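> here's my sequence, what's the structure:
(2 chains, ligands or ions: 2)
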Amino acid sequence: MNDDGTLLRLDGIQKWFGDNHVLRGIDLSIVPKEVVVIIGPSGSGKSTLLRTINLLEEPTEGKVFFNGVELTDIRTNLNEARTHMGMVFQQFNLFPHLTAIGNITLALIKVLGLSKEEAMERGREQLGHVGLAEREDSYPSQLSGGQQQRVAIARALAMRPTMMLFDEVTSALDPELVNEVLQVMKNLASEGMTMAVVTHEMGFAREVGTRLLFMDDGVVVEEGKPTEVFAAPKHERTQAFLSQVL
Amino acid sequence: MGATTATALAPPDRGWRYHLRHQTPWSRTVLAAGILVNLFFFIGTIAVLSSYGWSRVCPEGATRIECAPSDPLAAGLKSAALGTVATIALIASIVVMVVGFASLRRMPTRSAKEAVITGAAIASQSIFLPALLLWFRGTDVDRFARNFLNLSIIGRKAGVAWDSVTSSVGSILALALIWAAVVGALVGAYAWWRKTGIRPVVIGAIGGLAGGTLWGLLDLSNVPSFIKGAQNTLILSAAGAALGFGLGLVLALFTMSSRRVVRAPARIYINFFRGTPLIWQLSFAGIGLVPALRLNLSMYAIAILVLGLNLAAYSAEVYRAGIQSLERGQIEAARSVGLTYFQSMRFVVVPQAIRRVIPPLLNEFVILIKDTSLVSILGLTVAQKELLGISRDIYSSSFDATAWLGAALGYLIITIPMIRVVTIVERKLRSGLTSVIG
Ligand SMILES: Nc1ncnc2c1ncn2[C@@H]1O[C@H](COP(=O)(O)OP(=O)(O)O)[C@@H](O)[C@H]1O
Ligand SMILES: [Mg+2]
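Ligands and ions are numbered 1, 2, ... in the order given. Next comes the predicted model:
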């Protein structure tokens, strides 16, 4: 935890891609067990924001504090810090040359230094957790999209992270596979995992989110309790966006 | 996986038996005629040429005009009998082809139609070759044969004499056993590590035994011979490939660095080696640099070094393209679980990229095999010469251009299997099977 009781704090984040000003001053604090849902139109900078949290993108300006460490300090060991933050991607990004269990155990062995047996045990436990105990020897190409995404979640969870980042994890799925993935995320939230979730699933946002951020054009336009924002959006850009998606 | 309720139907059997059953007498006739006219041409030609003989032994000191080893072959090529064979084959195959294509649309079944097309296509081949032969007979056959068709020289310079084999069976056997032991042990270690059982070890040992025997035979070959040349071509290209493919991967990683100071030297290296001719690199190193710096390096080592350094530049580009063809998400996922840059490369990127780069790398290897011919400018000793150097030697001592045919034969024997391998690997990778098998 940081000094101020937050788990994650972003201070004045600015991000340029060349001349493209993608994040225009983002301040964000997340306390333990919060589920922060981020919504907004495509291209508004949601993914970039999520990726600056674990420094997959380096912010051009601003600071990121996580668990008492300043990640934007160049002396910080990012590889170590990233083991405490699990990330799940829209395109799953499973390693196609490894089996489901191989995907999970790779970092356990190479990063955490677990023995092969310990890693396998933890990997199996996580696969069971996402309901795929039977499929440990399957390659990603042999799994459905929903199953792949659940393996990806298991891969992140196996590191025993303090926080999880989800970037539109159901957007690439066929409609009938969305629920199995959302269910896993709901369980995770109910177990008290701190989460930052970029999503277009408004039902999920309302049900699971403890806080909702609406982003547009690189800034957080509006935030509040999901039910309140959905019921009475204050900002007209939020109103316009919600009227399209709800 | 749920049980299937409907009984699965096997696909209909459309093997050759099926096609044979669906022929008409006419389609059978056309197919048979196409094959027969071809056989007639090839067997007839070989028979006529054999009756005259393929080469002969000439007395010492006889000039090429008085007696050439190719004389019987030339006589056979000019003979009236061969002319008759070619003419008959030509006319017959024109008839088969025309009749075949004309009756095509009246065939009642697909199988019959295919048979007629096949017959006509085969026949068209024995139009082209006899026509070429008839044209060739109108040129100066004697002169051509004297220069290019002394086939005995290829046999004589092939290399291994039977009595030297029988006298050194012991040493060949010893060498072969050492090879078998080494390969067997290596495969055994791998098998033990991957727990694959004994079979690959046995196969490896047998392969080692065969390779060792071959190598022992090659060592016996008297110089200059084509076999010796082929051996050197193989050594040069294998050693060059080992160096080039390894260094190329390192270079590729350098060119992808986000830091210019790492990227720039690698780029300069690559552009230099891709931008200057290999023959210049060989001459500069072997004829310029080494004597000037008084380096204690044999020309053979220089040749391997330069070939390897050159290949490294080309293979670096291949690796880079392979690595960059992976989605960005792969390395992001790897970094997000805490793997370092090099761990991500080693465990995630390279294993995937390797599959994509194998076919183009094999192509580079085939090119390298042919490029070894350029080392002949380095003035290697006779025992170090590769195929082209050997054939040049043989040509300059005998003034017999047939030597060049021997070299071509040698290159083809080496490269055609390689090209086959490239095709097979490409097909395998394309089918997507490897990503399933892992
Ligand atoms: N690696 C990158 N390089 C250049 N521009 C980028 C990169 N990643 C994202 N962008 C740009 O940043 C903007 C925001 O993208 P993104 O964060 O993916 O939006 P969202 O996830 O909200 O759809 C877009 O205009 C996109 O083109
Ligand atoms: Mg996005």
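> so residue B:79 makes contact with residue B:50?
No: using Cβ atoms under 8 Å, residue B:79 is not in contact with residue B:50; the gap is 11.8 Å. Every C-beta, even on glycine, is put in place using the N, C-alpha and C of the backbone.
> between those two, point out the one with more neighbours.
For residue B:79 versus residue B:50, neighbours defined as other Cβ atoms under 10 Å in any protein chain shown are more numerous around residue B:79 (16 against 11).
> smallest gap between chain B and ligand 1, at which residue?
Residue of chain B nearest ligand 1, by Cβ to the nearest ligand atom: residue B:328 (8.1 Å).
> not counting sequence-adjacent ones, nearest residue to the residue nearest the centre of chain A?
In chain A, the centroid-proximal residue (Cα atoms, centre = their mean) is residue A:165; its distance is 1.5 Å. In this structure, residue A:165 finds its nearest non-sequential neighbour in residue A:87, 4.5 Å apart by Cβ to Cβ, 6 or more residues apart in numbering or on different chains.
> contact partners of the helix or strand that the one you found is a member of?
In this structure, residue A:87 sits in strand A:85-88 according to DSSP states H and E. If you take Cβ atoms under 8 Å, 6 or more residues apart in numbering or on different chains as the criterion, strand A:85-88 is touched by A:50, A:53-54, A:56, A:66, A:149, A:152-153, A:156-157, A:159, A:161-167, A:169, B:333, B:336-337.
> can you check stretch B:113-126 too?
B:19, B:23, B:26-28, B:30-35, B:37-38, B:40-41, B:89-90, B:92-94, B:96-97, B:100-101, B:103-104, B:107.
> mind doing that once more with 7 Å?
B:23, B:27-28, B:30-31, B:33-35, B:37-38, B:41, B:89, B:93, B:96-97, B:100-101, B:103-104, B:107 (Cβ atoms under 7 Å, 6 or more residues apart in numbering or on different chains).
> cool, and stretch B:149-156?
Outside stretch B:149-156, the residues that touch it by Cβ under 7 Å, 6+ apart are B:54-55, B:68-70, B:73, B:394, B:398, B:400, B:402-403, B:405-406, B:409.
> least confident of these?
Within the contacts of stretch B:149-156, pLDDT reaches its minimum at residue B:398, with 74.
> how far away is that residue from residue B:388?
Taking Cβ to Cβ, to the nearest Å as the measure, residue B:398 and residue B:388 are separated by 16 Å.
> neighbour-wise, which of these two wins?
Using other Cβ under 10 Å, the more surrounded residue of residue B:398 and residue B:388 is residue B:388, with 21 against 15.
> buried ones in the helix or strand containing that one?
Following DSSP H and E, one finds residue B:388 within helix B:387-398. Judged by neighbour count using 16 or more other Cβ atoms under 10 Å in any protein chain shown, the buried positions of helix B:387-398 are B:387-395.
> can you give the distance from the helix or strand following it to the centre of its chain?
Heading C-terminal from helix B:387-398, the first helix or strand you meet, by DSSP H and E, is helix B:402-430. Averaging C-alpha positions (Cα atoms, centre = their mean, to the nearest Å) puts helix B:402-430 1 Å from its chain's average.
> list the buried residues for helix B:402-430?
Quick answer for helix B:402-430 (16+ other Cβ under 10 Å): B:402-407, B:409-411, B:414-415, B:422, B:425.
> and those residues near chain A, which?
Among the buried residues of helix B:402-430, no residue sits close to chain A (Cβ under 7 Å from any Cβ of the partner chain).
> check contacts around residue A:25.
Shown in contact with residue A:25 (Cβ under 7 Å, 6+ apart): A:12, A:14, A:219.
> now the first one: phi and psi?
Read that as residue A:12. Phi and psi for residue A:12, reported as degrees, to the nearest 10, are phi 50, psi 50.
> can you tell me the closest non-neighbouring residue to it?
residue A:62 (4.3 Å).
> tell me which parts of chain A are close to chain B?
Chain A comes close to chain B at residues A:54, A:56, A:79-80, A:82-83, A:87, A:89, A:91, A:93, A:95-97, A:106-107, A:110-111, A:139, A:141-142, A:155-156, A:159, as judged by Cβ under 7 Å from any Cβ.
> just the buried ones from these?
A:54, A:56, A:82-83, A:87, A:89, A:91, A:93, A:95-97, A:106-107, A:110-111, A:139, A:155-156, A:159.
> next step: the residues you listed restricted to strands.
residue A:87 (DSSP state E).
> look up how far residue A:206 lies from residue A:153.
Taking Cβ to Cβ, one finds residue A:153 at 21 Å from residue A:206.
> and the nearest residue to residue A:15 once chain neighbours are set aside, which helix or strand is it part of?
Leaving out its chain neighbours, the residue that sits closest to residue A:15 by Cβ to Cβ, 6+ apart is residue A:23, at 3.9 Å. Here residue A:23 sits within strand A:20-30, counting by DSSP H and E.
> what do you get for residue B:154?
Secondary-structure assignment from DSSP H and E places residue B:154 in helix B:151-156.
> shouldn't residue B:254 be in contact with residue B:262?
Yes: between residue B:254 and residue B:262 there is a contact under Cβ atoms under 7 Å: 5.4 Å.
> so these two - more neighbours on which side?
Legend: neighbour count by other Cβ under 10 Å for residue B:254 and residue B:262, higher for residue B:254 (19 against 14).
> distance of the more buried one from residue B:311?
Residue B:254 is 16 Å from residue B:311, by Cβ to Cβ.
> got it, and residue B:33?
51 Å.
> looking at the two, which one has more neighbours?
Using other Cβ under 10 Å, the more surrounded residue of residue B:33 and residue B:311 is residue B:311, with 27 against 21.
> in which helix or strand does the residue nearest to that one when sequence neighbours are not counted reside?
Residue nearest to residue B:311 in three dimensions, not counting chain neighbours: residue B:244, with 2.8 Å by Cβ to Cβ, 6+ apart. Using DSSP H and E, residue B:244 maps to helix B:226-255.
> what does residue A:13 give?
Assigned by DSSP H and E, residue A:13 falls within strand A:8-17.
> so in that sheet, which strands flank that strand, and in what orientation?
strand A:20-30 (antiparallel), strand A:61-66 (antiparallel) (DSSP bridges).
> just those strands: most buried one?
Highest mean neighbour count of the strands paired with strand A:8-17: strand A:61-66, a mean of 19 (counted as mean count of other Cβ atoms under 10 Å in any protein chain shown).
> helix or strand next in line after that one, which one?
Taking DSSP H and E, what comes next after strand A:61-66 is strand A:69-70.
> which outside residues touch that following strand?
Residues outside strand A:69-70 that contact it (Cβ under 7 Å, 6+ apart) are A:63, A:76, A:81.
> where does chain A dip in pLDDT?
Chain A contains no residues with pLDDT under 70.
> the lengthiest helix in it: which residues count as buried?
When chain A is parsed with DSSP state H, its longest helix is helix A:175-190. Judged by neighbour count (16+ other Cβ under 10 Å), helix A:175-190 contains these buried residues: A:177-178, A:180-182, A:184-185, A:188-189.
> the helix or strand following that helix and ligand 1 in contact?
Remark: after helix A:175-190, the chain's next helix or strand is strand A:194-198, criterion DSSP H and E. No: Strand A:194-198 is not in contact with ligand 1 by Cβ under 6 Å from any ligand atom; minimum separation 6.7 Å.
> does anything pack onto strand A:194-198? Which helices or strands?
Contacts defined by 3 or more Cβ pairs under 7 Å, 6 or more residues apart in numbering or on different chains; DSSP states H and E place strand A:194-198 against strand A:35-39, helix A:46-53, strand A:163-167.
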